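[1] have a look; sequence and predicted model below, questions after that.
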Amino acid sequence: MQTEMRRSGTELPVKRRNAITGFKRQWPLYLLMVLPMTFFITFKYIPMLGVVVAFKDYNIFKGIWASEWVGLDVFREIFAMPQFYKALRNTLMLNVISLLTFPIPIILALMLNELRINWYKRLSQTLLYLPHFISWVIVGGMAIQLLATHTGSVNEFIKSLGGQPIPFLENTIMWILTYTGAGVWHYAGWGTILYLAALTGINKELYEAAEVDGASRMRKIWHIALPGIKPTIVVLFIIQIGRMADISFEQPYALQNGYVMDVAQVISTYVYTVGIQSAQFALAAAVGLFQSVVGLVLLLTAELISRKVNNQGIF
Amino acid sequence: MPFLRSLTSIMVVTAILSFMMGCNGLAGSNKSGHAEGARERLGSDEFASTDRWTTLRIELFERNNKPAGANSITDNYITQYIQKHFGDPERIKVEFITIPRAEEVGRLQVLMAANQAPDIVFTYDLPTVYNFVTQGKLTDLSPLLDQYGQDLKAVLGEEILSYGRLNGMQFAIPAKRVLTARSTTLIREDWLREAELPLPATTEQFYQALKAFKKIRLEKYGETIYPYGHIDYYHIAPLQYSFWDWNRITEEDLYADPGWIMPGNKDAFKLLNRLYHEGLIDPDFHLDRYAQQFQKDLVNGRVGAATPNTIEPVYMGYLAELQKNDPNALLTPIDPFTHANGKKTKPILEKTGMYIMVPKTSRNAEAAIKYLNWMAQPENYITLQNGIEGVTYEMENGLPVALENEEANTLLFNYFDYCIILNGKYVSSTDEQLNLKANASIPRFEAFALQSVEYGMNDGIATPQIPTILPSEIRYSAILNDKNDEIFVKVLTANPEDFDTVYDQEVAEYMLMGGRQVQEEKHRAYQDHK
Amino acid sequence: MIRNSFEKVIDIVIIVLIGIFSLFCVVPMIHIFALSFSGNRAIMSGEVFLWPVEWNFHSYSAVFGNASMMRSLVITVILVATYTAVALAMTIMAAYALSRRNFKGRNIMFGLIIVTMFFNPGIIPNYLLIKELRLLDSPMSLILPLMINAFLLIIMRTSFTGMPNELEDSAWIDGCGHFRFLLRIVLPLQLPILATIGLYSAVDRWNMFQDALFYISDKDFYPLQLKLYQMVINSQVNDATAQEGFNAATPIPQGIQSASIMFATLPILLVYPWLQKYFISGMLTGAVKG
């Protein structure tokens, strides 16, 4: 097929040159970008000016520009708080552990792709993505009903089998596992959709050719399916690296309790307590800015490494 | 500077007030440069006609608890009553702006920041209130209060109003809290009878009762129960206070020092730690963030005793549920926690409810005060809190008695949200007993409620209130509250031999996290205030 | 033979693993389902786990009998449909342009877009912007600020970039311009990713409520999820009980909450099976031959 294409190209040199210059005309592309860029400037960049809040003694009522500049005091204050480091450490720790679960949606998607029973495939896909629709507020309540050490249904069950109850929500290590497990439960099924879409895009002829060569199932997965979704994997992985310093508010907040605050207090919940609840917007904004810069640096680093190793990245 | 600013605003308000005398429909803005306001003012200068109506916008909590068949909370008998009896005669159109209860603080902050807040706003959150004060965002209400607020002053009284005043500026009208009892301990009297024990009158008897509950229930019935439930930092306060060495605690200390460093506090937690390790309290207590599990457990007869908010079992309905499940269940108020000196010292609530404010951007401060003053007249607050006489309540010996019928359910499900100047039902400014009775609303549980309040108030001691801005408290209070819960769990569940180490270490951390700053600042504030 | 039985074993392992994971995912939903059909007493006594106890439809009749819930449903469906169409159109435009290799300035623009993923200005600057644009209380405030999700844009762009170069070559042979190429060739070939991005946008909009909380003051126009959230959160405010003393309002029974969750989840769940055909392998067969 490729050779055929190349041949046709050499046969029509003149027409090709004209066509390329015509095709290269870029005004339609700029035209396409007008609305999107207007969107980003209006709804992202203009409010972003609000980030200057971080450097100011922010007074919500004076507005952003009229507030007094306090330079880097806000940052100094944040970096002087021992609690902030704890929250930062926990954020990074939970994110690194969650990163270990990154392959789960990929594996699920590959397995779904291999399923031959159609109704089962459709049904399980639908079931897998159910948890995404249950908000963390509700998950938090259910986690307690199911996992509480003494009263939770799961531990009741373990006890009825004569086992020792497991402190899912109290022991720090168990809590980290519970947190990670809840994350997998909530996101993994939903995440498979992206990979399934990418798998769908793989040229079926490749499979047919492999079939002819007598390649095994595993070989097909390894040599056709995985390379086919590699761009998606790389992009999602880099983005997740970029989000290392960031963490959702709902998930840790829904699962934390007084017992495990040493590992469960993360940046988002800390900012909520210190910044939002106490109306210290400058502080909240400064922490946000710090996270953004760290995230951006991580993203660019991951992008550079990926370019070197893989010759592939986001850009 | 702040003084100058408040002086200017007072002058502006007075100027506008005198201007408004002949121009009823226009409460002026005291904030120049508010383009729309300026334009409107200009327009009405030209046509200073008396038939212009003002719109008074009032915040209203949206709790999403409207029963089927009820009218909307912004248009129903109560709001129509307000419009007819207050709005129409004053040529004011009353409009309610709903704000979700659970997000009220965040929503209010944004509305204030964008100069979009209603004319009357309120919150319980003091840091937010003081934030508004520091930002110069509130109208000084003292002149208006003097002029239009006689009834309001009479109902609230000078003490309550003084909590809303700072440097002579009346930045807020604090609501009056009718019942200040905070929490009351309850026990399963039927279980006590089975154990042949009296109603506990001392801490020791209470402890023995818990042990007996566990033993009998477990051995005789094989049921897992939690002799003492609803364990959290807020609700164990009566027990905690009964251990404090009150000879060494001044009023200033009570105001300024965190509970953790009070003399005797450690002993209170030693007892709780013992209860935990002896299996006398709910082992999963720290997971029950919203006390939902506790309610379920109580209703199902798995809790022997608890110290919930006073009368909560009645108004949250779980006392009724318990009796439905188990007609023999007898939940009885007791007052067991006794100090070495024989007193039953326990905390009670402050006398104020929420803080009602008028934003500086409001052009209707006068109408706002008139409205609050109107609300302070007996026939009006009785209607706002009780609905329609003969339909939702009957007057019996000067006491509005709620009727249990469909109309009452659909009209009064949020009765407490309209009469914002009062927290709790209010009947008489002279007869406290009458007020108490009014709040024990369901006749079936009246005895329970009255007894609960009596015990909840017994030897009660309120934390002093000082109207002052404490920057470090605004800064640290939320994080310290979280820390309270954390220490609470760690100290209760600590190994008995590590108890002292854990306690001291955690409390030291608390003080380092800002506890020390708050404490020092409060001491200074208290002394300045004296 | 050996090989065949090995393949069979793999099949069975996959079926079992997927089955376990599906169960793991569906159990909590069944729990909510069971609660929604159970009696209040049974719920309070913690008897309900995976099967309704004291079957009844009270919770559902309360939800369906609530005119404002029904209105919210209609509003939400219209909102989500409009939003998805707008978001897809905008994302396609940007993703296509940014996926063209020769497009000058694409890296700068793409960089500017990626930066926005990291800087979230917070609620007050956003609120002020919406106010200045006079979008408060307008449904547009729930659509315009979210038109492009940078994350989804990157995904779509990656997919567009992955298309074989030959397609572009054959397009120029046919004398196609960018617009025709996009409409006639790229989009039909990219149906799976369009379905994915459409689904993600629709579900994001469906599940989101924080913006409506601030931008929409008339609760008659609240989206469904905001109503649901308020219902759940209002029964969890114990600070309020403490602050208000004895005045707190009775929370909404868990049965009704659960029925509302079902009510607010089922419609959007139905979207997926409808799109599922786009996630079945083999769509691209022979397409490149064109």
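    Received the coordinates, thanks. Numbers count the residues shown, from 1 in each chain, chains lettered A, B, ... in the order given.
[2] ok, which residues in the stretch 401-530 of chain B are in contact with chain C?
    B:413-414, B:416, B:423-424, B:439 (Cβ under 8 Å from any Cβ of the partner chain). In short, each C-beta sits where N, CA and C put it, glycine included.
[3] off-centre distance for stretch C:68-76?
    Centroid separation for stretch C:68-76 versus its chain: 17 Å, with Cα atoms, centre = their mean, to the nearest Å.
[4] can you check stretch C:203-218 too?
    Worked out by Cα atoms, centre = their mean, stretch C:203-218 lies 13 Å from the chain centre.
[5] now, the residues of the stretch 401-530 of chain B next to chain C that are in helices?
    Secondary structure assignment by DSSP state H places residue B:439 of these in helices.
[6] as PDB, could you dump the C-alpha coordinates of the stretch of helix or strand residue B:408 belongs to?
    Element membership of residue B:408, judged by DSSP states H and E, is helix B:406-411. Coordinates of the C-alpha atoms in helix B:406-411 are reproduced here as PDB (Å, rounded to 0.1, in the frame of the first residue of the first chain):
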ATOM      1  CA  GLU B 406     -50.600  18.800  56.700                       C
ATOM      2  CA  GLU B 407     -50.700  22.600  56.600                       C
ATOM      3  CA  ALA B 408     -48.200  22.900  59.300                       C
ATOM      4  CA  ASN B 409     -45.800  20.500  57.500                       C
ATOM      5  CA  THR B 410     -46.000  22.300  54.200                       C
ATOM      6  CA  LEU B 411     -45.800  25.800  55.700                       C
END
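[7] average pLDDT for that helix?
    Helix B:406-411 shows a mean pLDDT of 85.
[8] where does pLDDT dip in chain A?
    Residue ranges of chain A with pLDDT under 70: A:1-24, A:50-71, A:276-279.
[9] ditto for chain C
    In chain C, residues with pLDDT under 70: C:1-3, C:234-243, C:245-251, C:280-290.
[10] redo that, cut-off 50
    C:247, C:282-290 (pLDDT under 50).
[11] which helix of it spans the most residues?
    Max-length helix for chain C by DSSP H is helix C:2-36.
[12] what's the spacing between residue B:249 and residue B:520?
    The gap separating residue B:249 from residue B:520 is 17 Å, by Cβ to Cβ, to the nearest Å.
[13] repeat that for residue C:271.
    58 Å.
[14] hang on, the earlier thing: flag every buried residue along the helix holding residue B:408.
    B:408, B:410-411 (16 or more other Cβ atoms under 10 Å in any protein chain shown).
[15] check contacts around residue B:59.
    B:96-97, B:99, B:108, B:117-118, B:120-122 (Cβ atoms under 8 Å, 6 or more residues apart in numbering or on different chains).
[16] that one is in what secondary structure piece?
    Applying DSSP H and E as the criterion places residue B:59 in strand B:54-62.
[17] ok, and for that strand, which residues are buried?
    B:54, B:56-62.
[18] and it, how far out from the chain middle?
    Going by Cα atoms, centre = their mean, where strand B:54-62 is centred and where its chain is centred differ by 21 Å.
[19] report all helices and strands that the helix or strand just after that strand contacts.
    Tracing the chain past strand B:54-62, the next element assigned as helix or strand by DSSP H and E is helix B:77-82. On a contact count with 3 or more Cβ pairs under 8 Å, 6 or more residues apart in numbering or on different chains; DSSP states H and E, helix B:77-82 meets strand B:92-100, helix B:378-386.
[20] ok, residues contacting helix B:77-82?
    B:71, B:73, B:94, B:96, B:383-384, B:387-388, B:411, B:415, B:418.
[21] quick one: mean pLDDT over it.
    95.
[22] any idea which helix or strand comes after that helix?
    helix B:88-90.
[23] please state the offset of that next one from the chain centre?
    32 Å.
[24] sounds good, over and out.
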